[in-house]
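[1] Sharing a sequence plus its predicted fold:
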Amino acid sequence: MKNRFIWLLVSMLLVQESKASCAEWKQLELNCGSYCFRVLLPVLDHVKDLQSQVNVFKNQSVSIKKLEYSKKFIQDEIDAYDKKMEDQRGMIELALLNYTKSNIKLNPNFLEQIQKIEHQLEKIEVLDTKLNQKLESQNNLTETNLQTENSDFVAKFKNIEELLKGKFLVEEKFEVQRNLTETSLQQQIDILNSSIDSIADSKSIQVLQEKLEAFQIKLDTQILDTLTQFQNIKGQIRNKTNAHNKNIEKILTGQRKVNEVKRVTARKPFKKIGSKYYYIEETEKVNWFAAVHKCLEYGGHLASIQNSVELSELLGHLKKFDYWIDINDLVTEGVFLSATTGLSPSYLNWHSGEPNNGENNEHCGELWFLNNMHKMNDAGCQGKRLFICESANL
């Protein structure tokens, strides 16, 4: 029995160390005995399965180690690339620093020039702020004057409206009275017809005729009186209407005189340049629409340049600023018209690359000062610029 147990342990060790073949199983059965073999066979099978699982685990461990090695290799590559990029960035920064130092050595006034430019920019910003404040105060004053004038004009037209209301009230009263008269006559006719029906069988025909004739005379008299009243009322309405019309005409004539005085007062000093008269605004910058309105107030219109001679004559009086003129493509993009004539301009002289409708929002024409010269350009209509007015005469 002891020998059999020893053979059993040896057999288990053999199974653990290697895969058993059919011959090995038979040898084990001979050594252990048939009963021992049948009892231990399930145990041996389980041991074999455990050994297989151990082998699989070993294989997986090897694969995991390979993956970890690959991951470490990739991380090393990334670290090396990062270090290379860091070195290159350091080299670029060093090169830029050396380049800047060399420029400063070649031009010792470089930093001083930058400081001067910054100082000039600060001055420009201060002047721009003051200019905006001045424009704002002028706009507020203009709006106050316009509101006062509009209030006076509204008050005058309210008086006209009251007069017209009185006229319509008289006409309405006449219409009511005419309707009442017609109603009264119809009632009397209905009463007469009823009386005729009631006495149709009466023997007093002559009496009836007399009553009818008397009623006819009375009716004719009432109709004549009504027509007379109607004519009188009509005459009164005509007289009041004529009086109202005269008052309205008087008010409108006064308003036209006031407008003419305002127009003459607001007129700017045009001066003759070439064959035309121009007013060149030198201080107030407005958008294109305001420029159109101001030129009309001054008794002219935005400048409409007809040929190169007019442009050359005008350029000698312009400063280094941009000026609004009357061309625009507000109706159809790319089709420029004169706001003065409504027709295509007879002369155009664009800057190179213009018109380009920048940002799809440039529709109003200007004389643009660029590269030390004035030429035409399309610009945003809401931009603030000086403007040039033109008049056929003083």
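    Okay, I see it. In this text, all values refer to a predicted model and were calculated from it rather than measured experimentally.
[2] Which residue ranges of this structure form strands?
    Using DSSP state E, the strands found in the chain span residues 271-273, 276-280, 301-302, 323-332, 335-338, 364-370, 373-379, 386-391.
[3] Looking at these, which is nearest to Glu77?
    Closest to Glu77 of the strands of the chain, according to CB to CB: strand 364-370, at 55.4 Å. To be clear about C-beta, it is placed using only N, CA and C from the backbone, and glycine gets the same treatment.
[4] Pull up the pairing partners for the closest one, direction included.
    strand 323-332 (antiparallel), strand 373-379 (antiparallel) (DSSP bridges).
[5] Output the ones you listed as a markdown table; include the columns mean neighbour count, distance to Asn307 and mean pLDDT.
    Shown next, in a markdown table, are the strands paired with strand 364-370 (neighbours: other CB atoms under 10 Å; distance: least, CB to CB, whole Å; pLDDT from 0 to 100):
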| stretch | mean neighbour count | distance to Asn307 | mean pLDDT |
| --- | --- | --- | --- |
| strand 323-332 | 20 | 14 | 97 |
| strand 373-379 | 20 | 13 | 97 |
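[6] Identify whichever of those lies nearest to Gln222.
    When the strands paired with strand 364-370 are compared (using CB to CB), the closest one is strand 323-332, at 66.9 Å.
[7] Of the strands of the chain, which is nearest Lys116?
    Closest among those, using CB to CB: strand 364-370, at 23.6 Å.
[8] who's in contact with the closest residue to Glu310 other than its chain neighbours?
    With sequence-adjacent residues excluded and distances taken as CB to CB, 6 or more residues apart in numbering, Glu310 is closest to Gly274, at 6.0 Å. Contacts here follow CB atoms under 8 Å, 6 or more residues apart in numbering; on that basis Gly274 touches 309-310, 313-314.
[9] Return the subset of those lying in helices.
    309-310, 313-314 (DSSP state H).
[10] By neighbours, which of those wins?
    Leu314 (22 neighbours; other CB atoms under 10 Å).
[11] Give me the neighbour count for the closest residue to that residue other than its chain neighbours.
    With sequence-adjacent residues excluded and distances taken as CB to CB, 6+ apart, Leu314 is closest to Ile273, at 6.0 Å. Residue neighbour count, defined by other CB under 10 Å, stands at 17 for Ile273.
[12] ok, so what distance separates Ile273 from Ser391?
    11 Å (CB to CB, to the nearest Å).
[13] Quick check: which of the strands paired with strand 364-370 is nearest to Tyr69?
    strand 373-379 (68.5 Å).
[14] quick check: angle from the closest one to helix 308-315?
    100 degrees (axes from the mean of the first three to the mean of the last three CA atoms, to 10 degrees).
[15] Please export the C-alpha coordinates of strand 373-379 as CSV.
    What follows is strand 373-379, C-alpha atoms only, in CSV (Å, rounded to 0.1, in the frame of the first residue of the first chain):
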residue,chain,number,x,y,z
MET,A,373,-3.4,112.3,-53.9
HIS,A,374,-7.2,112.6,-54.0
LYS,A,375,-9.1,110.1,-56.2
MET,A,376,-12.5,108.5,-56.0
ASN,A,377,-13.4,105.6,-53.7
ASP,A,378,-16.5,103.8,-52.5
ALA,A,379,-16.9,104.1,-48.7
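[16] residues in contact with that strand?
    Applying CB under 8 Å, 6+ apart, the set of residues contacting strand 373-379 from outside is 288, 315, 318, 322-323, 325, 327, 329, 336, 348-351, 354-358, 362-368, 370, 385.
[17] wait, what's in contact with Asp322?
    Taking CB under 8 Å, 6+ apart, we find Asp322 in contact with 366-369, 379, 385-386.
[18] try it again with 7 Å
    366-369, 385-386 (CB atoms under 7 Å, 6 or more residues apart in numbering).
[19] Show the buried residues in the residues you listed.
    366-369, 385-386 (16 or more other CB atoms under 10 Å).
[20] ok, which pair from these is furthest apart?
    Top of the distance list for those (CB to CB): Trp368 and Leu386, 11.8 Å.
[21] so what's Ala303 up against?
    278, 325-326, 388-390.
[22] at 6 Å what do you get?
    325, 388, 390 (CB atoms under 6 Å, 6 or more residues apart in numbering).
[23] Which residue is the nearest non-sequential neighbour of it?
    Nearest to Ala303 is Ile388, by CB to CB, 6+ apart, at 4.0 Å.
[24] Near that neighbour, how many residues? Count them for me, please.
    By other CB under 10 Å, neighbour count at Ile388 equals 25.
[25] That one contacts Tyr323, correct?
    Yes. The pair Ile388 and Tyr323 qualifies as a contact (CB atoms under 6 Å) at a distance of 5.0 Å.
[26] how about low-confidence regions in the stretch 251-394 of the chain?
    Counting by pLDDT under 70, the stretch 251-394 of the chain shows low-confidence ranges at 251-267, 394.
[27] what's the spacing between the residue nearest to Glu310 and Ser52?
    Counting by CB to CB - Gly274 and Ser52 are separated by 111 Å.
[28] what's the answer for Leu367, then?
    Leu367 sits 96 Å away from Ser52, going by CB to CB.
[29] Kindly state the pLDDT recorded for Ala80?
    pLDDT, Ala80: 81.
[30] Count the neighbours of it for me.
    Ala80 has 10 nearby residues by other CB under 10 Å.
[31] Could you do Gln120 as well?
    Neighbours around Gln120, by other CB under 10 Å: 10.
[32] same check, this time on Thr226
    Neighbours of Thr226 using other CB under 10 Å come to 16.
[33] what do you get for Gln231?
    Gln231 has 10 nearby residues by other CB under 10 Å.
[34] Roughly how far does it sit from Ile273?
    67 Å.
[35] Ile325 reaches Asn349, doesn't it?
    No. Counting by CB under 6 Å, Ile325 sits too far from Asn349 to count as a contact (10.9 Å).
[36] Would you mind confirming that Asp326 is in contact with Ser338?
    Yes. At 5.4 Å, Asp326 counts as touching Ser338 under the criterion of CB under 6 Å.
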